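[1] My questions concern the predicted model and sequence given below.
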Amino acid sequence: MRGFHPVLPMYDRILLPGMLLRMPVILPEGVAAAEYHLATGRPLVAVPTLHPLPDGALPDSFVEVGCLAAVRRLVRLGDGSCRLLLEGLARVRIAPPRQDPDAGHVTQVRPMTDRVRDPDRVQTLHQRLADSMAEWIAEDPSNPASMRKLPANEQSPARLADHVAANLTLPRLEQIAFLSEGTLDARLQVAIEGIAREGELRKVKLEVDKKVQATLDKQQRDYYLREQIRGLRKELGEVPGSYDEAAALEQRLRDAGMPDQGLKDALRELERLRRMHPDAAEYTVARTWLEWLANMPWDTRSEDDMDLHRAKAALDAEHYGLEKIKDRILEYLAVRTLNPAGKGPVLCFVGPPGVGKTSLGQSVARALGRKFARVSLGGMKDEAEIRGHRRTYVGALPGRLVHALKKAGTKNPVIVLDEIDKLGKDFRGDPASALLEVLDPAQNHAFVDHYLDIPVDLSEVMFICTANRTDPIPEALLDRLEQLDIPGYLLEEKLRIAQQHLLPRLGTSHGLAERGFAITRQAIRAVVESYTREAGVRQLQQKLAALHRKAARKFVEGRSRGIRIDRPEQVEAFLGPARHFVEVVERTNLPGIVVGLAWTAAGGDILFIEATAWADEKGSLKLTGQLGTVMKESAEAALSVVRTRREALQIPDDSFSKRGIHVHIPAGAVPKDGPSAGITLVTAFASVLTGRLVQPALAMTGEVTLRGKVLPVGGIKEKVLAARRAGVKRIILPAKNRNDLVDIPVQLRRDLEFHYVEDIDEVLSLALAEALPQ
């Protein structure tokens with residue numbers, strides 16, 4: 001062991017020459033090194049490790065430089081550890097340590113001599129360091145006491161540099177680098193820079209402390225003033241606690257996250273409120289306004305659920321079919337996932353009543369993980385319902401949109417604007433024009449409600465509009481909407497919806513879920529075909545609810561323990577005689593009667609167009625059935641088309657001049673209009689004038705020109721569904737409407753026979769019972 005020194009690993013501290021360091025020694029190799037030093041008198045070598053953890057005691061983790069040290073004091077502790085007071089003696093280079101059974105680790109050392117590159121520069125740096133040290137000690141009385149023990153006029157630049165570095169809060173790697181540095185010039189420079197950095201940190205700390213103290217002083221001053229005001233208000237007999245309420249309201253306003261200018265206005269109004277007597281007329285107005293501001297979700301939002309699979313499952317669980325609508329919602333989610341800051345579209349679900357437009361909006365909110373709110377626009381005529389009333393009016397309140405935001409509690413809910421096609425307007429304004437700003441992504445980030453009078457950010461709201469038809473919607477408003485059509489349901493779809501959604505919900509709501517009550521698929525079919533005539537399922541739900549109510553009464557009266565409805569006769573026993581019948585064949589067994597197809601806000605429907613002729617010297621044309629202007633003109637054009645084909649149809653010469661024709665469309669209480677009955681009217685005229693029947697179970701739709709060309713029309717899917725419900729087997733459509741059948745399920749297309757025509761002659765050859773002569 002001659003020439004070897006015990007090694008004391010330094011895990012988290014660095015020992016420099018001339019430095020006194022108190023440190024605990026816990027690990028056995030450290031305790032063994034200290035004991036060996038005291039027993040043999042050989043100086044310790046305090047060697048830093050590269051890892052500030054106990055596993056740094058491995059030989060390969062020691063650095064190549066250490067500090068010879070003497071133990072000035074050793075205190076043994078009961079757990080085998082000890083506390084040391086070390087004094088650094090000199091820098092040394094060490095050989096790779098090796099293990100020793102008595103000392104833990106030992107190593108050989110080689111003294112390090114200080115190198116001086118430029119003596120003049122060393123002298124300059126020495127003086128500068130001494131001045132910086134003196135200034136630092138004078139400015140900061142909180143410096144360590146060890147810093148003051150060495151005089152600033154220390155003659156040894158090496159000792160002064162080590163002393164300063166020992167009292168600086170240098171990072172560990174910089175401390176190791178300082179210990180390893182053999183050039184005196186560099187060590188002096190590091191010490192000077194360290195003092196300068198400590199001075200800057202002290203200035204920053206003083207500034208922060210000053211600001212904190214000023215804040216505390218202001219809070220104490222405000223508290224003192226509030227207590228004085230509380231006492232004065234009590235002496236004046238004002239309501240106890242009113243100042244506490246104002247203070248709480250102020251804190252809520254500050255925490256609400258509203259725009260800066262809005263907060264300034266609110267705090268200014270709050271100061272006015274504090275000076276008002278609670279019985280003053282303006283007190284309630286101001287207080288209500290401030291409460292609205294405090295309760296608005298200015299900066300509260302819910303996190304979107306971006307899991308497409310979970311969203312699709314949520315949509316499928318609540319709505320059957322509607323694949324195009326679901327795909328569009330999932331596309332919106334995908335875009336939001338890739339670009340969360342992007343502005344979404346404004347979707348508009350268009351379809352007949354009862355197809356699930358509003359409930360689909362709720363499903364969208366659940367799929368996205370957002371809050372839901374609904375604003376009913378039906379019959380709204382006052383612009384203030386959208387923009388709110390100005391506070392100068394008695395009883396003023398915010399508009400419906402602000403109400404919806406407050407109810408939702410977040411700034412990014414899903415808001416359904418229901419029945420947007422039912423908006424009206426009068427002398428109070430035009431709500432549709434007010435919605436232009438609301439539904440425009442380029443403007444709605446700063447929507448100003450007249451009551452709040454503070455910009456409200458609506459850009460994160462997902463708006464979904466619903467409408468039965470788009471005709472009444474102003475063009476400028478419709479241009480901002482992405483229209484998604486929801487047509488009526490097929491019979492098969494209604495059966496599935498009833499079994500999967502309506503029956504479980506009705507069973508639970510009527511208390512029959514566990515009572516053994518069942519309605520079979522055949523019974524549901526009877527309800528659909530004989531008791532409903534709709535595109536949606538609302539009437540179906542009402543009829544099924546009637547069955548549940550009657551069954552519930554039987555259970556309560558004890559007349560039955562288990563009820564199963566599986567035959568049409570049982571349905572009739574519960575609901576009474578059937579309301580609807582398949583009558584297409586029976587009503588078209590006379591000349592002049594043709595089945596037309598129509599589209600209304602309630603979905604598709606069939607029209608029986610009846611024509612009859614009688615002797616009339618004037619050759620008049622009479623139209624009844626509450627027909628609109630367009631339909632009347634279409635009838636006149638249809639008659640002209642038949643006139644031009646008189647010879648081909650073998651109609652007598654005097655049929656038009658000496659016979660009057662009367663066209664009637666039943667359901668006379670219902671207004672009817674549009675050009676799509678053109679080919680139907682031509683067929684009715686041709687049938688009555690030739691005496692030829694129209695083919696049974698046949699329906700048609702299409703506009704006709706004076707030249708006999710058949711033009712395309714709209715609402716094809718709804719019309720086809722209506723024809724299927726009415727028992728029609730064959731349908732004549734304009735050739736240019738062929739592509740509209742893509743949206744119709746394949747099974748329905750297989751059940752019906754479609755004929756596509758371009759000319760009225762094709763229509764007549766298909767529709768009339770006998771072939772036309774060549």
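    That came through fine. Computed from a prediction, not measured in an experiment: that's the story for all the values here. Numbering: from 1, shown residues only.
[2] Going by C-alpha atoms from here, please, whenever you check contacts or count neighbours.
    Will do.
[3] and residue 499, how far is that from residue 548?
    For residue 499, the distance to residue 548 equals 14 Å [CA to CA, to the nearest Å].
[4] Please apply the same query to residue 279.
    Taking CA to CA, one finds residue 279 at 56 Å from residue 548.
[5] and if you look at residue 710?
    49 Å.
[6] Please apply the same query to residue 678.
    Counting by CA to CA, the gap from residue 678 to residue 548 is 45 Å.
[7] the more surrounded of these two?
    Taking other CA atoms under 10 Å, residue 678 and residue 548 do not tie; residue 678 has more neighbours (28 against 23).
[8] Give me the phi and psi angles of that one.
    The phi and psi values for residue 678, taken as degrees, to the nearest 10, are phi -60, psi -50.
[9] Pairing-wise in the sheet, spell out the partners of the residue lying closest to it once chain neighbours are set aside.
    Nearest non-adjacent residue to residue 678, counting by CA to CA, 6 or more residues apart in numbering: residue 703, 4.6 Å away. Beta bridges link residue 703 to residue 711 when assigned by DSSP bridges.
[10] residues in contact with residue 703?
    With contact set as CA atoms under 8 Å, 6 or more residues apart in numbering, residue 703 has these partners: 675, 676, 677, 678, 679, 710, 711, 712, 713.
[11] okay, now the second one: neighbour count?
    Residue neighbour count, defined by other CA under 10 Å, stands at 26 for residue 676.
[12] looking at this, it is in a helix?
    No. Judged by DSSP: H, G, I helix; E, B strand; the rest coil, residue 676 forms no part of a helix; its state is coil.
[13] and it, what does it touch?
    Contact analysis of residue 676 by CA under 8 Å, 6+ apart lists 598, 701, 702, 703, 713.
[14] Swap in 7 Å and give it another go.
    Shown in contact with residue 676 (CA atoms under 7 Å, 6 or more residues apart in numbering): 701, 702, 703, 713.
[15] Pull out the buried residues from these.
    701, 702, 703, 713 (16 or more other CA atoms under 10 Å).
[16] nearest to residue 411, of those residues?
    Set against residue 411, the nearest of the buried ones among the contacts of residue 676 by CA to CA is residue 713 (42.4 Å).
[17] Any stretches of the stretch 51-200 of the chain with poor pLDDT?
    Along the stretch 51-200 of the chain, segments meeting pLDDT under 70 span 52-60, 140-154.
[18] And the helices in it?
    When secondary structure is read from DSSP state H, counting those that start in this stretch, the stretch 51-200 of the chain shows helices at 119-139, 145-149, 157-166, 172-180, 184-236.
[19] and the residue nearest to residue 386 when sequence neighbours are not counted, how far is that from residue 497?
    Nearest residue to residue 386 in three dimensions, chain neighbours excluded: residue 399, at 4.7 Å (CA to CA, 6+ apart). Taking CA to CA as the measure, residue 399 falls 37 Å from residue 497.
[20] before we move on, what about residue 113?
    93 Å.
[21] Of these two, give the one with the bigger neighbour count.
    Using other CA under 10 Å as the criterion, residue 113 and residue 497 rank with residue 497 on top: 19 against 12.
[22] Quick check: closest non-adjacent residue to the more buried one.
    residue 320 is the one closest to residue 497 (CA to CA, 6+ apart), at 6.3 Å.
[23] tell me the domain boundaries of the chain?
    5-111, 238-295, 308-485, 491-575, 584-767 (automatic domain parsing).
[24] so how far is the shortest one from its chain's centroid?
    The gap between the average C-alpha position of domain 238-295 and the chain average comes to 31 Å, counting by CA atoms, centre = their mean, to the nearest Å.
[25] what pLDDT, on average, does it get?
    The average pLDDT within domain 238-295 is 81.
[26] Tell me, how many residues neighbour the closest residue to residue 651 other than its chain neighbours?
    In space, and not counting its chain neighbours, residue 651 is closest to residue 690: 6.0 Å by CA to CA, 6+ apart. The number of residues packed near residue 690 is 18, by other CA under 10 Å.
[27] With residue 171 instead?
    So residue 171, with other CA under 10 Å, has 9 neighbours.
[28] Please name the residues that touch residue 684.
    592, 593, 594, 609, 610, 611.
[29] where's it, which helix or strand?
    helix 678-690 (DSSP states H and E).
[30] Downstream of that helix, the next helix or strand is which one?
    Moving toward the C-terminus from helix 678-690, the next element (DSSP H and E) is strand 698-700.
[31] which other helices and strands contact that next one?
    strand 593-600, strand 730-734 (3 or more CA pairs under 7 Å, 6 or more residues apart in numbering; DSSP states H and E).
[32] Quick check: which helices or strands does the shortest one pack against?
    Secondary structure elements in contact with strand 730-734, counted by 3+ CA pairs under 7 Å, 6+ apart, are strand 698-700, strand 753-757.
[33] In three-state terms, label residue 489 for me.
    Going by three-state DSSP: residue 489 is coil.
[34] How about the one 3 residues further on?
    Put simply, residue 492 is helix when judged by three-state DSSP.
[35] okay, now it: neighbour count?
    Residues near residue 492, counting by other CA under 10 Å: 12.
[36] ditto for the one 10 residues further on
    Taking other CA under 10 Å as the criterion, the count of residues near residue 502 is 20.
[37] Assign residue 343 to helix, strand or coil.
    coil.
[38] Give the phi and psi angles for it, as a check.
    Here is the backbone geometry of residue 343 (degrees, to the nearest 10): phi -90, psi 130.
[39] what's the distance between it and residue 105?
    68 Å.
[40] do the same with residue 74
    When residue 74 is compared with residue 105 (using CA to CA), they lie 19 Å apart.
[41] So for these two, which residue has more residues nearby?
    Using other CA under 10 Å as the criterion, residue 74 and residue 105 rank with residue 105 on top: 24 against 16.
[42] tally of neighbours for the closest residue to that one other than its chain neighbours?
    Setting aside the residues directly before and after it, residue 105 is nearest to residue 99 in space (CA to CA, 6+ apart), at 4.4 Å. Residue 99 has 15 neighbouring residues, counting by other CA under 10 Å.
[43] And for residue 394?
    Residue 394 has 9 nearby residues by other CA under 10 Å.
[44] how about residue 521, what does it touch?
    Residue 521 touches residue 495, counting by CA under 7 Å, 6+ apart.
[45] thinking again about what came up before, closest to residue 137 among the contacts of residue 703?
    The closest of the contacts of residue 703, once distances to residue 137 are taken by CA to CA, is residue 713, at 94.5 Å.
[46] Tell me which of the helices and strands packed on strand 698-700 sits most buried.
    Stretch with highest mean neighbour count among those: strand 593-600 (a mean of 25; mean count of other CA atoms under 10 Å).
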